[in-house]
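Trainee: Fold the following and give me the result.
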Amino acid sequence: MQEKILILDFGSQYTELIAKRIRKLRVYSEVKPFDYSFELIKKDYEAGVLKGIILSGGPNSIYDSEALLCDLAILDLPVPILGICYGMQLLADHFGAKVLRSDTREYGKAELFINAGFQNDKNSLFYGIKLGTENDDENAEIGVPQPYEGTVAERASSRLRRTNDRSVLRVHEDHEDDENAEIGVPQQCDERAISVWMSHCDYVSELESVSVLNDFKISARTANTAIAAFEDTTRKLYGVQFHPEVTHSEFGTEILGNFILNICNCSQNWDMQSFINDQIESIRNTVGEQKVLLALSGGVDSSTLAFLLKEAIGDQLICMFIDHGFMRKNEPEELMQSFQRDFGIQILYINAKEKFMNALAGVSDPEQKRKIIGREFIYIFQEEVAKLKAPAFALSAASISSDSENAELVMHKQCSEMEIKFLAQGTLYSDLIESSGVRIDSKTGKRVAASIKSHHNVGGLPDDLKFTLIEPLRTLFKDEVRELAKALAVPEYIVRRHPFPGPGLAIRVLGELTEDKLKMVADSDFIVREELIKANAYDSVWQIFTAVLPVKSVGVMGDKRTYAHPIVLRAVTSEDAMTADWARMSYELLAKISNRIINEVDGVNRVVYDITSKPPATIEWE
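Mentor: Next up, the predicted model:
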């Protein structure tokens, strides 16, 4: 069975990142709510698959009445446990330490001073993290921190002192005797710090925790937090106040790697080929000889799932593509031709453009647009599924009209009856985390019911469709789906495709949607992508698109005054879309894009470039 690391989620915004970082080490990780059943955890341990547990951060305070607690029986299992931020405070509180509100909050980057003695201990989180040291007088003058050893109790005589804006931990002179040397009171020498990401306003008080944390040793601190990391290597219990999973934390991967590989002794045997083999076997055992219906959108997720299902069950797969009219220019035609002709996958094409446009008439609120599109998708999907009880329909790829704007895909009756019992969805692990994960009310600190996310490929299905649902990608993150796509030989142009919202171009026309504005954003988007590919710059950005604003501005074209719409160009760089920065594109490329849009797109006389990061902005405008 597959080894795994269990992550108990206490509501941290970074929980998903923890899972991703672990999987990058080729170790399978799983996220569950903080109150996940201990019996199920114990069952995994007894089966030999549970190798370690991580307690995530969270917005609550451990001393509040609404504090979130897991079943602390997990501490009786002989598996390593790492607490991050709130998770560390939970461990400290359980063992009797005092967690207090800090007068000085730490958000963002902070310097972490690591006890040099832990860098050679293979059972430490900081093993092998070699920091440069300086031993000259100049560094002593500017306050280079001193190392420290010993348990929390042995550190009771220490105090924090600020020198040149840095915190220096020094030992009282009255403790510099042979007795203290024996119990590990630190000797003075130089040490350097690393930069880590902090996000907390509570801390484990050193002086308040002296008598109860004798088995824990302090392995790191910051200027404002005397206990920024502690370790009990005998019981394999660890806590860090910072977030090693965030890319801003230096050596974050190494710190997590030490816990996963050295302390938990995980085998690095989780890869895409083993995933493919397991899923193909599972799909075949589940489906048997039955047909499977997949709602295909043409994006990376549903396309990859189509390839996986094709590999597993061949012609038993039937795809349904509902064209709402809001895809990128020419994409519906390209999708139909490539999947039918090149990949040999059957597709039922549903032209629903008119229905969607009628439903959105007069609607300008972005959230209303999304809800209406999701609702219409469900209605149309239900209608088409009902038709599958009658003589089935299939598509002839040769029936695509050459006019891409008015392409009509003709359906031809098949002779046989089609009874479909299984529905496949491209649900990802991030969808499941968002749907079933922990949500905390920022005002009350109480847990609130999770709102179920409507997945873009089916729009959120009703309970009475009477399908058996299969979700082969439900344990994968987005970047892992791309890895899977490559392993399945999905064409590169699909794998590399930029993220695209489920509502499509409808939310890139700000305000009320009209045919003219939809054409503006489709044509301008096509130009942008074409120029980016010509400049070999497509892969240099995470996402790029255009949006039409619901305003007009004055311009001059052909010696005549114009009053037309501006187009916003938005390009961002990112690793996971949780944060993003605006792309520093060359002026020459921006000029080409602007010039083409102005000259080729009717109704536009101005192009502006969005230079806002996320946060504070979102990537999409609606």
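Trainee: what's the burial count for the residue nearest to residue 294 when sequence neighbours are not counted?
Mentor: Once flanking residues are discounted, residue 294 sits nearest to residue 424: 4.4 Å by CB to CB, 6 or more residues apart in numbering. C-beta coordinates here come from the backbone N, C-alpha and C atoms, glycine included. Neighbours of residue 424 under the rule other CB atoms under 10 Å: 29.
Trainee: where does residue 424 sit relative to residue 308, distance-wise?
Mentor: 9 Å (CB to CB, to the nearest Å).
Trainee: now the helices for the stretch 1-150 of the chain?
Mentor: 15-24, 38-46, 86-94, 137-141 (DSSP state H, counting those that start in this stretch).
Trainee: tell me the mean pLDDT for the third one?
Mentor: What it means is helix 86-94. For helix 86-94, mean pLDDT is 91.
Trainee: which of the residues in that helix are buried?
Mentor: For helix 86-94, the neighbour count (16 or more other CB atoms under 10 Å) marks 86, 87, 88, 89, 90, 91, 92, 93 as buried.
Trainee: what sits against the fifth one?
Mentor: Pointing back at residue 90 there. 10, 55, 62, 69, 70, 83 (CB atoms under 8 Å, 6 or more residues apart in numbering).
Trainee: One more: the last one?
Mentor: When contacts are counted by CB under 8 Å, 6+ apart, residue 93 touches 62, 63, 99.
Trainee: buried subset of the residues you listed?
Mentor: Using 16+ other CB under 10 Å, the buried ones in the contacts of residue 93 are 62, 99.
Trainee: Out of the contacts of residue 93, which comes closest to residue 330?
Mentor: residue 62 (55.4 Å; CB to CB).
Trainee: before we move on, back to that, residues that sit against both of residue 424 and residue 308, list them.
Mentor: Contacts common to residue 424 and residue 308, judged by CB under 8 Å, 6+ apart, are residue 472.
Trainee: before we move on, what SS does residue 588 have?
Mentor: Taking DSSP: H, G, I helix; E, B strand; the rest coil as the rule, one finds residue 588 in the helix state.
Trainee: Quick check: it vs residue 543, distance?
Mentor: Where residue 543 is concerned, residue 588 sits at a distance of 21 Å (CB to CB).
Trainee: So between those two, which is more surrounded?
Mentor: Looking at residue 588 and residue 543 with other CB under 10 Å, you find the greater number of neighbours at residue 543, namely 18 against 9.
Trainee: Report pLDDT for that one.
Mentor: Per-residue pLDDT puts residue 543 at 94.
Trainee: go on, the one 4 residues further on?
Mentor: According to the per-residue confidence, residue 547 scores 97 in pLDDT.
Trainee: got any ranges where this protein has weak pLDDT?
Mentor: For the chain, the stretches with pLDDT under 70 are 103-107, 131-192, 200, 206-213, 389-418, 432-466, 576, 578.
Trainee: Longest helix of it, counting residues only.
Mentor: For the chain, the helix that runs over the most residues, judged by DSSP state H, is helix 366-387.
Trainee: In it, which residues are buried?
Mentor: Going by 16+ other CB under 10 Å, helix 366-387 has these buried residues: 366, 369-370, 372-374, 376-378, 380-381, 384-385.
Trainee: Dump that helix to CSV, restricted to CA.
Mentor: Provided in CSV are the C-alpha atoms of helix 366-387 (Å, rounded to 0.1, in the frame of the first residue of the first chain):
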residue,chain,number,x,y,z
PRO,A,366,-20.1,39.3,-11.9
GLU,A,367,-21.3,37.0,-9.2
GLN,A,368,-24.7,36.8,-10.9
LYS,A,369,-23.0,36.0,-14.2
ARG,A,370,-21.2,33.0,-12.6
LYS,A,371,-24.3,31.7,-10.9
ILE,A,372,-26.4,32.0,-14.1
ILE,A,373,-23.8,30.2,-16.2
GLY,A,374,-23.5,27.4,-13.6
ARG,A,375,-27.3,27.1,-13.4
GLU,A,376,-27.7,27.0,-17.2
PHE,A,377,-25.0,24.4,-17.5
ILE,A,378,-26.8,22.2,-15.1
TYR,A,379,-30.1,22.6,-16.9
ILE,A,380,-28.7,21.9,-20.3
PHE,A,381,-26.6,18.9,-19.0
GLN,A,382,-29.8,17.4,-17.4
GLU,A,383,-31.7,17.9,-20.7
GLU,A,384,-29.0,16.2,-22.7
VAL,A,385,-28.5,13.4,-20.3
ALA,A,386,-32.3,12.7,-20.5
LYS,A,387,-31.9,12.4,-24.3
